[in-house]
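Trainee: Mind looking at a prediction? Sequence and model below.
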Amino acid sequence: MAVHPLSKHVWATEIGRDDLGDNWPPGEINIILEGSHYGWPYCYGKRLHDDKSDPTGEHREFCQDTIPSFIDVPANEAPLGLAFFPPSLPEEFRHDLLVAFHGSSNRTEPTGGKVVRYKLDAAGNFMDVEDFITGWLTPSGALGRPVDILITDDGEIFISDDKAGVVYRVVYKKM
């Protein structure tokens, strides 16, 4: 979880459950609002019903009354830690969000194993997404699996890795 620096809302990642296929269900980034329901375990993403966890369809209507995901993440990427960039960094990073993708453990073609940057405007609206740090996932397997992210006020980024058993330090340097 992370607190948005301007709205003060809590943002959180959610990993969809395993064993529903390579492309289902999506992972999620949600803005947590008190007293709200986000659908689990019957609905995922943008109010999509999960027929496997609710085979009778009893909760199909329930899905329409849930809070949809703010941002969908590809299935099995396993979004974990997230952190907002501080205002002390250059404007091109201001308001943006980093998310650690731990990576798939049961997908036919492995994915994840990276840190992704979500570009947001000042109000927190989603604008774009791009890979920020990659290289943990190689053709011969995962070299590491990012877990959590901490960004200090002066812009140092710390990323924990539970496979390699290390914490990476990333520093912005002006060119």
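Mentor: Done, it's in.
Trainee: C-alpha from now on. contacts and neighbour counts both.
Mentor: Will do.
Trainee: contacting residues around the least confident helix or strand in the chain by mean pLDDT?
Mentor: Least confident helix or strand, the chain: strand 141-142 with a mean of 90, by mean pLDDT, DSSP states H and E. The contact list for strand 141-142 (C-alpha atoms under 8 Å, 6 or more residues apart in numbering) reads 113, 136.
Trainee: what lines up beside it in the sheet?
Mentor: strand 137-138 (antiparallel) (DSSP bridges).
Trainee: Please list the outside residues in contact with the partner strand.
Mentor: 110, 111, 112, 113, 114, 143, 144.
Trainee: I'd like the average pLDDT over it.
Mentor: For strand 137-138, the mean pLDDT works out to 92.
Trainee: next one: stretch 29-41
Mentor: 93.
Trainee: Could you pick out the buried ones from the contacts of strand 137-138?
Mentor: 110, 111, 112, 113, 114, 144 (16 or more other C-alpha atoms under 10 Å).
Trainee: ok, the first one - contacts?
Mentor: When contacts are counted by C-alpha under 8 Å, 6+ apart, residue 110 is found next to 103, 104, 137.
Trainee: swap the cut-off to 10 Å and go again
Mentor: 22, 76, 77, 103, 104, 137, 138, 139, 141, 142 (C-alpha atoms under 10 Å, 6 or more residues apart in numbering).
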